[in-house]
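Enquirer: I'll drop the sequence and a predicted model, then ask my questions.
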Amino acid sequence: MLRGKARLVWLAAGMLVLSAAFIGCGGGDDGNQPTPPVIDTASPLPSGTVGTAYSQTFAAIGGTPPYSWSVTSGTLPAGLTLSTTGILSGMPTTVDNSNFTVQVTGGGTATKSFSLTINADLVIDTASPLPSGTVGTAYNQTFAASGGISPYSWSVTSGTLPAGLTLSTAGILSGTPTTVDNSNFTVQVTGGDNATKLFSLEVNAGPKTIRVEGNKYLILLDNWDNTVRYRAGLQVKDAAGNVLTDNTALKGMKIYDSSAVELSTDNNFVFWNGATFAFDNGTAIIPDPQAEIEMYLTAAPGTLSQGFYTASVTDNTGNIYTSTLWFETPMVVGEPAGLIQVNNLDNSITLSWTNPTGIPSPAYYLVVSIFSDDTNGDGITDYLLYARRVSSTTSYTIPAEFVQDTLVGKTGLSWSVEVRQQTAAPITFPDDTQSFVQIYRNRSALVPLTVP
């Protein structure tokens, strides 16, 4: 509707025109109509997994909220529905790759095509038990999974891997096993969901690298510095039966009583490499290379019971070797004293000493020992000469030939005399073997030795 007034106006050109002023009233377009809505959610949608709850909220901009959502074409994955508030949710039941169109209404209408992939349920495909490993040999096993959403991430959630092995997040179990084991552990994979599986892995011993044979003992030792401790020792050889010179072949040593209870030790075995060892048998000095693994017990002197004990030695490939030891309480005696050296004109050396009183024979005997600085890398002094003599002996002459051929040029030479006690009669072991058994040593002080 228009309302206003009109008037006649003479223009300078002599023309008469009608001038009117009108005011609009109602109707017309004010220019503020809302923009249509736009679906702001990206396609494809985040993938889902069969059997795993799924939820995705659609978003829109523009138009006039509240929005109303619907599927106008195509089919949603089985198990999912779209609410009018724009929430796509449910539990997918089937592997699928769906394409569908979603519409939003609110101050206008908008549509958009979407795709949604439903993956298979996440499953660990690797079988259990895993392939076995071997101590000292590199191990590598890659776990495999299917379904879910890759990339996967792997971890151990319970149990313990064999010593020396680790599992990477990429699912690679690798390393070098250090101990014989039969491990059980649970592995988890994560990728859109979690899946777990129990695995077992056996680690076997590798080839045998040593032999435990020959001299063995469990004694009460009164050492050079007058410390008194129990010490167990076993002679060790390499796999071929030669003197063992490489201590890396040894992993550890344990001592057990007759009830199979492990005894407390200082946890540090000593490897003695006797490749330079020689034995004076009373007639001649002959090379007698040998090596021992030794370990000290922490039991206080006088507390160890008489009977059989078991020494257990482990090599670096996980093999375990056992040997039966005998111990009986010795009769403690004093140590030799007053050690004197005399260098003779023929380049021989005479050593003399004073024996303690009350050393009965033949259960007790004397041993003269000569040592030098470590040259073979075992960390202890080299044992050069062992001479066994009856308990009444008070001197020993080192032959000039041995002095010149073996002692000259050596550094850190020293010598000592010790009293040793063995059982009065042979001991019958569980395997029906019999032998005299050493049960006691009392060493004199270690005295420097000089060569002519």
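Expert: Cool, got the structure. Numbers count the residues shown, from 1 in each chain.
Enquirer: show me where pLDDT drops low in the chain?
Expert: 1-32 (pLDDT under 70).
Enquirer: show me how it divides into domains.
Expert: 1-121, 123-204, 210-448 (automatic domain parsing).
Enquirer: would you mind giving those domains as a markdown table with mean neighbour count added?
Expert: Every C-beta, even on glycine, is put in place using the N, C-alpha and C of the backbone. Shown next, in a markdown table, are the domains of the chain (neighbours: other CB atoms under 10 Å):
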| stretch | mean neighbour count |
| --- | --- |
| domain 1-121 | 14 |
| domain 123-204 | 17 |
| domain 210-448 | 16 |
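Enquirer: my guess is Thr134 contacts Asp181. True?
Expert: No. Using CB atoms under 8 Å as the test, Thr134 is too far from Asp181 to be in contact (11.2 Å).
Enquirer: overlap of the contact sets of these two?
Expert: Common neighbours of Thr134 and Asp181, counting by CB atoms under 8 Å, 6 or more residues apart in numbering, are Val203.
Enquirer: longest strand of this structure?
Expert: strand 210-222 (DSSP state E).
Enquirer: mind saving the C-alpha coords of that strand as CSV?
Expert: C-alpha atoms of strand 210-222 as CSV (Å, rounded to 0.1, in the frame of the first residue of the first chain):
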residue,chain,number,x,y,z
ILE,A,210,83.0,-77.4,29.2
ARG,A,211,83.6,-80.6,31.1
VAL,A,212,83.6,-80.9,34.9
GLU,A,213,85.9,-83.7,35.8
GLY,A,214,88.9,-84.5,37.8
ASN,A,215,89.9,-82.9,41.1
LYS,A,216,86.9,-81.7,43.3
TYR,A,217,86.8,-80.6,46.9
LEU,A,218,84.9,-78.8,49.6
ILE,A,219,87.4,-77.6,52.2
LEU,A,220,87.9,-75.3,55.2
LEU,A,221,90.6,-72.9,53.9
ASP,A,222,92.8,-70.8,56.2
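Enquirer: and that strand, what does it pack onto?
Expert: With contacts taken as 3 or more CB pairs under 8 Å, 6 or more residues apart in numbering; DSSP states H and E, strand 210-222 sits against strand 228-238, strand 290-296, strand 307-315, strand 320-327, strand 438-443.
Enquirer: what's the closest of these to Ala170?
Expert: Ala170 sits nearest to strand 307-315 of all the helices and strands packed on strand 210-222, at 33.0 Å, using CB to CB.
Enquirer: chain neighbours aside, what residue packs nearest to Phe114?
Expert: Leaving aside its sequence neighbours, Phe114 sits nearest to Ser43 (CB to CB, 6 or more residues apart in numbering; 4.5 Å).
Enquirer: distance of that neighbour relative to Thr423?
Expert: For Ser43, the distance to Thr423 (CB to CB, to the nearest Å) stands at 90 Å.
Enquirer: and for Lys254?
Expert: Relative to Thr423, Lys254 is positioned 24 Å away (CB to CB).
Enquirer: what lines up beside the longest strand of the chain in the sheet?
Expert: strand 228-238 (antiparallel), strand 438-443 (parallel) (DSSP bridges).
Enquirer: export those strands to a markdown table and append columns for distance to Pro34.
Expert: Formatted as a markdown table, those follow (distance: least, CB to CB, whole Å):
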| stretch | distance to Pro34 |
| --- | --- |
| strand 228-238 | 92 |
| strand 438-443 | 105 |
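Enquirer: quick one, what contacts Thr142?
Expert: For Thr142, the contacting residues are 171-173, by CB under 8 Å, 6+ apart.
Enquirer: an error on my part: the question was meant for Ala424.
Expert: For Ala424, counting by CB under 8 Å, 6+ apart, the contacting residues are Ala363.
Enquirer: now it, what are its backbone angles?
Expert: phi -70, psi -20 (degrees, to the nearest 10).
Enquirer: I'd like the numbering to begin with 366 instead of 1 from here.
Expert: With 366 as the first residue, the last one maps to Ala789.
Enquirer: show me where the stretch 616-765 of the chain has helices.
Expert: For the stretch 616-765 of the chain, the helices defined by DSSP state H, counting those that start in this stretch occupy 765-767.
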